[in-house]
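Peer 1: Sequence and predicted structure below; questions after.
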Amino acid sequence: MDKHVPGPDDLLNRELSWLAYNERVLEEAEDPSVPLLERVKFLAIVSSNWDEFFMVRVAGIYRQIDAGVTQPGPDGLAPRQLLDAVAKRIHILASRQHRVLHQSIEPAMNAEGIAILKPGDLDPAQTEFLQAYFEHNLLPLISPLAVDTGHPFPRLGNRVLVLMAELEASAYAGKAPFPASSLSIIHVPTTLSTRFLRVPSARGTHAFVMLEDVVRMNLKHVFQGYEIRNCHALRVTRDSDLPVEESSGEDLMDTVEEFLRSRRRGAVVRLQYEAGLSPGLLKLLIDELELAPEDLYPTEGFAAFSDLMQLYAQLDLPHLKDLATPPRPVPQIEAVPSLFEAISRNDILLLHPYQSFDDSVVRFIREAANDPKVLAIKITLYRITESSPIAVALELAAERGKQVAAIIELRARFDEEGNIAWARRLEKAGAHVVYGMPRFKIHGKACLVIRQEATGMRRYCHLSTGNYNEKTSRLYCDLGLLTARPEFGEDLSNLFNLLTGYARLPECHRLLIAPQGLRQGIWNRIQRERDHARNGREARMILKMNALVDPAMIQGLYEASRDGVKVDLLVRGTCCLRPGVPGLSENIRAISIIDRFLEHACVYHFQNGGASETLLSSGDLMTRNLDNRVEIAFPLVDAALASQVVEMLEDQLHDTLKGRALGRDGSVIGRGLDTTWPPFRSQAHIYAKGRTASAALRRS
């Protein structure tokens, strides 16, 4: 394929584009039309996103600077310039985050009888309650760490709330046989308690006190013989990326486990601290943690907004949250006794979280584990929950003597430890477990079931844009396919042979597999649309993904735009393409949807001169997905299913409430692509439409 890539002026920076995405998430917290507690949730999501951004992306920039890299990236920014721009932007956004909490959300919560109390706000009964709670639950867990000539500065845990107390020994303490200390650090114990501790309050009200304030109120019990001069909360974020450099002679599990141990010692890339911390203590922290000015983030009475999710979970107040949208059953399989019989008749499209993951995907694997006709189950697992019903079913299948092959990606960022635990447990049950492949993360989502039937062996397939994870299936918008088409089964068999035994992958009938064929397959389809446009035929693409970063693919879209191809992009997160630039991308529109569910599916639709083609995929148009991961793209062969997905894409392109049209600099230029449309919210519409369709199918 053509390797020409855009110049720096034609590309947006990846990190700054991601920050623009998180700003769109922050806008949901700022929006008074969003239910109050959902605004609290969005504040937590913003903070959680920033945590990961610092641990991975900012840490990566620092590693480049430390290595002496000065060469600009594809967007023209050198690492030092990028770090300065990132720090400046996050400081501005962090100020907005504090402002919306203290000036908008907290007053609104108070009006609803929800209060986060400070020690001075407590009545005697609440104070007594907290003192008892501290003595019985927190005090035994507290380990104050002195800082003096005999005690080196302690290691501060990653994303752990810490209290730094300045002390003054009383006259009695100074005469004691033990040395006195003027500084101590306490890691706030959160193992037994939420950060927001509920306290007794009047009927119909909800009062909470933050755990660090409970500890602060009772420091006299910790530091007897001392006066507490002041005490401030702080929190560090550390480099936690996993740049595993495994060699063929190393065991991947050993390599990952060693890195997980070293991750806990990662360099500090951010310090959040309460405003009012003395200059002397701040200098001490800067020196001990080796911080630069851009790493400092003073907070306004509150740090670690991600913990607000705990507050959200404790408040069962439906009138302050989004309306409940329980997942619907999948009508094609709702009443059938055998899932395999239903799949053998027709392909089945799955829409999560609108349709039940448990009643479709979990059921598929459970039936396979229990069905005596099933001889083998092969599956890729990227993110697995601790109590995963899918992993439990695979364990049962292996114990019953079925051949189970589980490809578990140990390098799934921040899920490594859980994946290692399940790998060992499945191996113990008798499953064949593959940890991954050197150099390539296995990110594709697929399950293959081989069943002995009267007519011979038959292969049943599940392919998906999302993980085999029951928790994220309730929060992420993903698409899946259940099919018994022989060509899909043969392609998956060959893929699993590659993953488990490094067998050579022959040319696929239906699937596009990265790194072997996904890039070229998408590129060829872009060129096909260009050919249609150059020959006077109507040409259009609708491309939906989480991130659009790869320079070569962006160049292909620019060239398609110049040839007259209409390109509609649905990009939730990072978008390095500049839409709507005359002479470059004037035929490209881009929209980003931020709503109650995380848009996660990748869909690539090509009009193809009337013979349209729609592909679902686990991979975005990012270099890492196209070249450095095992990804799967699969077509919707059934025209009715493809039409259903394209209709969903059209709905999203017309979202005027949660869809943000992106401008050439990556900023939001408006809600929706067409301002003449009435108010329209695509996720609510898709859910309601699916409910109506399900009822109609059941009646028929």
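Peer 2: Looks like it arrived, so ask away. Residues are numbered from 1 along each chain as shown.
Peer 1: which SS class is Pro6?
Peer 2: coil (DSSP: H, G, I helix; E, B strand; the rest coil).
Peer 1: Can you name the residues that contact it?
Peer 2: Pro6 sits next to 74, 551, 554-555, 558 when contact means CB atoms under 8 Å, 6 or more residues apart in numbering. All C-beta spots, glycine's among them, are computed from the backbone N, C-alpha and C.
Peer 1: if you set the cut-off to 7 Å instead, what comes out?
Peer 2: 551, 554-555, 558 (CB atoms under 7 Å, 6 or more residues apart in numbering).
Peer 1: what's around the nearest residue to it once chain neighbours are set aside, how many residues?
Peer 2: Excluding its sequence neighbours, the residue lying closest to Pro6 (CB to CB, 6 or more residues apart in numbering) is Gln555, at 5.1 Å. Neighbour count for Gln555, taken as other CB atoms under 10 Å: 20.
Peer 1: Check for me that His605 belongs to a helix.
Peer 2: No - judged by three-state DSSP, His605 forms no part of a helix; its state is strand.
Peer 1: May I have the beta-bridge partners of it?
Peer 2: Beta-bridge partners recorded for His605 (DSSP bridges): Ile542, Thr614.
Peer 1: Can you report how many residues neighbour it?
Peer 2: Residues lying near His605 (other CB under 10 Å) number 23.
Peer 1: That one is in contact with Thr614, isn't it?
Peer 2: Yes - with contact defined as CB atoms under 7 Å, His605 reaches Thr614; the gap is 4.7 Å.
Peer 1: Tell me, how many residues neighbour Asp9?
Peer 2: The number of residues near Asp9, taken as other CB under 10 Å, comes to 10.
Peer 1: Just to check, Ile365 is in contact with Ala393?
Peer 2: Yes - between Ile365 and Ala393 there is a contact under CB under 7 Å: 4.7 Å.
Peer 1: For this protein, give the helix that spans the most residues.
Peer 2: helix 79-100 (DSSP state H).
Peer 1: Now do that helix: distance to the chain's middle.
Peer 2: Its chain's C-alpha centre and that of helix 79-100 lie 21 Å apart, by CA atoms, centre = their mean, to the nearest Å.
Peer 1: Quick check: buried residues in the helix or strand that comes right after it?
Peer 2: Counting by DSSP states H and E, the element after helix 79-100 in chain order, helix or strand, is helix 106-111. In terms of neighbour count (16 or more other CB atoms under 10 Å), helix 106-111 has its buried residues at 106, 109.
Peer 1: if we can go back for a sec, give me the helices and strands touching the helix or strand harbouring the residue nearest to Pro6, please.
Peer 2: Per DSSP H and E, Gln555 falls inside helix 551-562. Here helix 551-562 touches helix 518-534, strand 566-571, going by 3 or more CB pairs under 7 Å, 6 or more residues apart in numbering; DSSP states H and E.
Peer 1: What are the contacting residues of the first one?
Peer 2: Where contact means CB under 7 Å, 6+ apart, the residues beyond helix 518-534 that reach it are 1, 512, 539, 541, 556-557, 559-560, 563-565, 604, 606-609, 613, 619, 626-627, 631, 633.
Peer 1: Which residues belonging to it are considered buried?
Peer 2: 518-519, 521-523, 525-530, 532-533.
Peer 1: Any chance of those in JSON lines with distance to Leu234 as columns?
Peer 2: JSON lines is the format used below for the buried residues of helix 518-534 (distance: CB to CB, whole Å):
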{"residue": "Leu518", "distance to Leu234": "45"}
{"residue": "Arg519", "distance to Leu234": "45"}
{"residue": "Gly521", "distance to Leu234": "50"}
{"residue": "Ile522", "distance to Leu234": "46"}
{"residue": "Trp523", "distance to Leu234": "49"}
{"residue": "Arg525", "distance to Leu234": "51"}
{"residue": "Ile526", "distance to Leu234": "49"}
{"residue": "Gln527", "distance to Leu234": "54"}
{"residue": "Arg528", "distance to Leu234": "56"}
{"residue": "Glu529", "distance to Leu234": "53"}
{"residue": "Arg530", "distance to Leu234": "55"}
{"residue": "His532", "distance to Leu234": "59"}
{"residue": "Ala533", "distance to Leu234": "57"}
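Peer 1: can you put those in JSON lines and add pLDDT?
Peer 2: Output for the buried residues of helix 518-534, formatted as JSON lines (pLDDT from 0 to 100):
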{"residue": "Leu518", "pLDDT": "97"}
{"residue": "Arg519", "pLDDT": "97"}
{"residue": "Gly521", "pLDDT": "97"}
{"residue": "Ile522", "pLDDT": "98"}
{"residue": "Trp523", "pLDDT": "98"}
{"residue": "Arg525", "pLDDT": "98"}
{"residue": "Ile526", "pLDDT": "98"}
{"residue": "Gln527", "pLDDT": "98"}
{"residue": "Arg528", "pLDDT": "98"}
{"residue": "Glu529", "pLDDT": "98"}
{"residue": "Arg530", "pLDDT": "98"}
{"residue": "His532", "pLDDT": "98"}
{"residue": "Ala533", "pLDDT": "97"}
